[in-house]
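**Student:** Quick one: sequence plus predicted model below, questions after.
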Amino acid sequence: MAALQIVNVEKRYKSLQALGGVSLSVEPGEFFGLLGPNGAGKTTLISIIAGLNRADSGTVSIDGHDVVSDYREARKRLGVVPQELVFDPFFTVRETLRMQSGYFGLKRNDDWIDEVMANLDLTNKADTNTRALSGGMKRRVLVAQALVHKPPVIVLDEPTAGVDVELRQTLWKFISRLNREGHTIVLTTHYLEEAQALCNRIAMLKAGKVVALDSTSALLKRISGSQLIVHLARGALPDGLKPLVSHPDELVSGRKYTLRVNEYTDVEPILATLREAGAVIDDMHLQQADLEDVFIQIMEGEK
Ligand SMILES: Nc1ncnc2c1ncn2[C@@H]1O[C@H](COP(=O)(O)OP(=O)(O)OP(=O)(O)O)[C@@H](O)[C@H]1O
């Protein structure tokens, strides 16, 4: 049975179609990425999964439990880390986590609460009021809150937006451990290198529709060859090289260009063209195409 099954989910906000018939299924133990530009519908979909928002049509189930008709059973199996930092500011971290445990009917949960806090480097803030925490610390509490009932399915909505490197590493270490222990993870992020490193399968959403759904390795294979990154100190990119630019916004911003290269021998004529145009190269290197390139290519293709 799928850990998360989404079937033909539609959602409108007045005239805006936020989700236009989304279907996908995540198997138990997967580390699944849900990617898409701003406004693609990721948060809307997550709030429908969490039962905080109703789909106009379609169904969502967690471990076979419908999130509307079987809400309590579905909710027990789900931990959601929301994007926004919202807390009751009158309680300490430990009190917040105990209350959340109580919500799931767990009375003696302190051993697990201690373990979660230790894994998120929150132990020395256990008795601090949540209103006195920094943004990064608050985000750790949000993650801890989502995990108090050891949910088999964990959904994280941009958990690393604006957080420092240390928290990212702490968080990924813990989430990866939970995934190895069998928890299913669904992640939305704008950090594509994070998604590439962590997710075994990825869905890309655009304007409320799934525009790509594949294993991370299959998505990466969609772009062959490598890229020549050139930083120009002086001079503009000659017109003849413009079709090779793989990130169109670079043509506007200028100076740094990512040029598609199929064979290493393609580099020589590129350098000759730059020299003939009087461009001066500041820095240059070759790199393999990554998930960001695939993402840009898919999103461009969907215009
Ligand atoms: N409560 C609401 N009322 C009206 N429109 C909404 C509401 N919530 C979201 N929208 C719109 O629905 C679309 C999808 O928004 P959503 O927040 O789901 O996207 P997202 O993919 O999570 O974006 P981001 O990456 O910016 O978080 C957007 O156009 C947004 O403006």
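**Tutor:** Done, it's in.

**Student:** Would you mind listing the residues in contact with residue 293?
**Tutor:** Counting by CB atoms under 8 Å, 6 or more residues apart in numbering, residue 293 touches 223, 227, 246-247, 258. C-betas here are computed from N, CA, C, even on glycine.

**Student:** Am I right that it sits in a strand?
**Tutor:** No. Assigned with DSSP: H, G, I helix; E, B strand; the rest coil, residue 293 falls outside any strand and is helix.

**Student:** buried residues in the worst-scoring helix or strand of the chain on mean pLDDT?
**Tutor:** Every helix and strand of the chain was ranked by mean pLDDT, DSSP states H and E. The lowest is helix 250-253, at a mean of 82. Residues residue 250 are the ones in helix 250-253 that count as buried (16 or more other CB atoms under 10 Å).

**Student:** chain center to it, what's the gap?
**Tutor:** Mean-position distance between helix 250-253 and its chain equals 26 Å (CA atoms, centre = their mean, to the nearest Å).

**Student:** Tell me which residues are up against it.
**Tutor:** With CB under 8 Å, 6+ apart, helix 250-253 has contacts from 237, 242, 245, 256-258.

**Student:** and if you look at stretch 65-83?
**Tutor:** Counting by CB under 8 Å, 6+ apart, 43, 46, 48-51, 54, 59-63, 104, 142-143, 145-147, 149, 151-159, 161 sit against stretch 65-83.

**Student:** Of those, which ones also sit close to the ligand?
**Tutor:** The subset of those within reach of the ligand, by CB under 6 Å from any ligand atom, is residue 43.

**Student:** all strands of this structure, in order?
**Tutor:** Assigned by DSSP state E, the chain shows strands spanning 4-13, 16-26, 31-35, 57-62, 65-66, 78-81, 153-157, 184-188, 201-206, 209-215, 226-234, 256-261, 280-288.

**Student:** The third one - contacts with which helices or strands?
**Tutor:** The reference is to strand 31-35. The contact analysis (3 or more CB pairs under 8 Å, 6 or more residues apart in numbering; DSSP states H and E) places strand 31-35 against helix 42-49, strand 184-188, helix 192-198, strand 201-206.
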